[in-house]
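Asks: after the sequence you'll find the predicted model.
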Amino acid sequence: MKKLIFVALVIGGAWWYYSPKLTVAAALDYAHQNSQKPWASDVVYWIGWTYYQRANYPKAQETLGTFVNDFPAGPHTPRALLRYAEAAQENRDYATAKDALDRLLKEYPDSPDQSMARGQRDLLNNR
């Protein structure tokens, strides 16, 4: 019984100590500090995607913008450019959205997101 209480106290203490330190911002900082590691681009992309899914478009635009600039040739870059443009549109930053879509259309002609990017770019031409 004493072992169980001790283990519970250790786990509770570790949770109390580490929970304020384990934030999304800390994960982004850690990924940027280790940008040469193969997993770093995935971390930044998925955090940006999570912000986008949660409709936190300013943070999504910031994170995905950092991603497309810091990891321009990653496997997630075409999709990140599309989500970056969508987040920028939600923030009414139409110039950034156009630039991201133009980059996607020019640099990734074989991307499966080409048709969606062309449609969004056509809509932005009217703005």
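Replies: The structure has been received and is ready for your questions. Everything quoted here is computed from the prediction, not taken from an experiment.

Asks: could you use CA atoms for every contact and neighbour count after this?
Replies: Fine.

Asks: what about residue 80, neighbour count?
Replies: 25 (other CA atoms under 10 Å).

Asks: quick one, what contacts it?
Replies: 45, 49, 64, 67, 68 (CA atoms under 8 Å, 6 or more residues apart in numbering).

Asks: which of the residues you listed count as buried?
Replies: Buried positions within the contacts of residue 80, assessed by neighbour count (16 or more other CA atoms under 10 Å), are 45, 49, 64, 67, 68.

Asks: isn't the first one right up against residue 65?
Replies: The reference is to residue 45. No: under the criterion of CA atoms under 8 Å, residue 45 is not in contact with residue 65, lying 9.8 Å apart.

Asks: and the furthest pair within the contacts of residue 80?
Replies: 49 and 68 (12.5 Å; CA to CA).

Asks: contact partners for the residue most central in space within the chain?
Replies: Taking CA atoms, centre = their mean, the centroid of the chain lies closest to residue 48, which sits 1.8 Å from it. Shown in contact with residue 48 (CA under 8 Å, 6+ apart): 59, 60, 61, 62, 63, 64.

Asks: in ChimeraX, select just the buried ones from those.
Replies: Those of the contacts of residue 48 that count as buried under 16+ other CA under 10 Å are selected in ChimeraX with:
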select :59,60,61,63,64
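
Asks: now tabulate the contacts of residue 48 in TSV and tack on pLDDT.
Replies: What follows is those, written out as TSV (pLDDT from 0 to 100):
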residue	pLDDT
59	93
60	93
61	94
62	94
63	92
64	94
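
Asks: quick one: which of the contacts of residue 48 sit in helices?
Replies: The helices, defined by DSSP state H, take in 59, 60, 61, 62, 63, 64 from those.

Asks: hang on, isn't the fifth one packed against residue 47?
Replies: Yes: taking contact to mean CA under 8 Å, the distance of 7.4 Å between residue 63 and residue 47 places them in contact.

Asks: so what's the residue count around residue 123?
Replies: Neighbours around residue 123, by other CA under 10 Å: 11.

Asks: ranges for the helices of this structure?
Replies: 2-18, 24-33, 40-53, 57-70, 77-90, 94-107, 114-124.
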